[in-house]
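Mind looking at a prediction? Sequence and model below.
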Amino acid sequence: MQLLNRIEIHIEKVWSRLKGIPQNQFLNSVGTIEYTLDFEKQINTIYFDNPMIFPSNEPMRFHLQIIDFVNKCPGNMATLKFWFYFDEIIVPTESYTLSI
């Protein structure tokens, strides 16, 4: 069993480019974490008062919703990387590009 204690979101790049809005498919999840990015900080951290419990070797999904991205992002695109901090394990993701 691992306890997720925090998530860091690293803003790697912000820019503007004309582009259509991508369609995403959402998988069933146990819930949604809503967070507003502060683009003045390169690293945003979500701290949990009550850590999420992930049973070992059992898949579990949740949504992480970036709130007000359209109004807060200084460009119309941003590249983000997520770092998930468990008790003794740190899991970085690949980089993700968000666009308006």
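On my side now, so go ahead. Residues are numbered from 1 along each chain as shown.

what about the helices in the chain?
69-72 (DSSP state H).

quick one: least confident helix or strand in it?
One helix or strand of the chain scores below all others by mean pLDDT, DSSP states H and E: strand 2-15, with a mean of 84.

what packs against that one?
Judged by 3 or more C-beta pairs under 8 Å, 6 or more residues apart in numbering; DSSP states H and E, the packing partners of strand 2-15 are strand 43-54, strand 77-85. From N, CA and C alone the C-beta is placed, and that goes for glycine too.

With mean neighbour count, distance to T93 and mean pLDDT added, can I get the ones you listed in a markdown table?
Supplementary listing: these in a markdown table, determined by neighbours: other C-beta atoms under 10 Å; distance: least, C-beta to C-beta, whole Å; pLDDT from 0 to 100:
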| stretch | mean neighbour count | distance to T93 | mean pLDDT |
| --- | --- | --- | --- |
| strand 43-54 | 12 | 14 | 88 |
| strand 77-85 | 17 | 4 | 93 |
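
closest to W15 out of those?
Taking C-beta to C-beta, strand 77-85 is the member of the helices and strands packed on strand 2-15 nearest to W15, at 5.2 Å.

show me what contacts L64?
Contact analysis of L64 by C-beta atoms under 8 Å, 6 or more residues apart in numbering lists 7, 32-33, 35, 82.

Let's see that with 6 Å instead.
The neighbours of L64, taking C-beta atoms under 6 Å, 6 or more residues apart in numbering as the test, are I33.

For P92, which of the helices and strands packed on strand 2-15 is the nearest?
strand 77-85 (5.0 Å).
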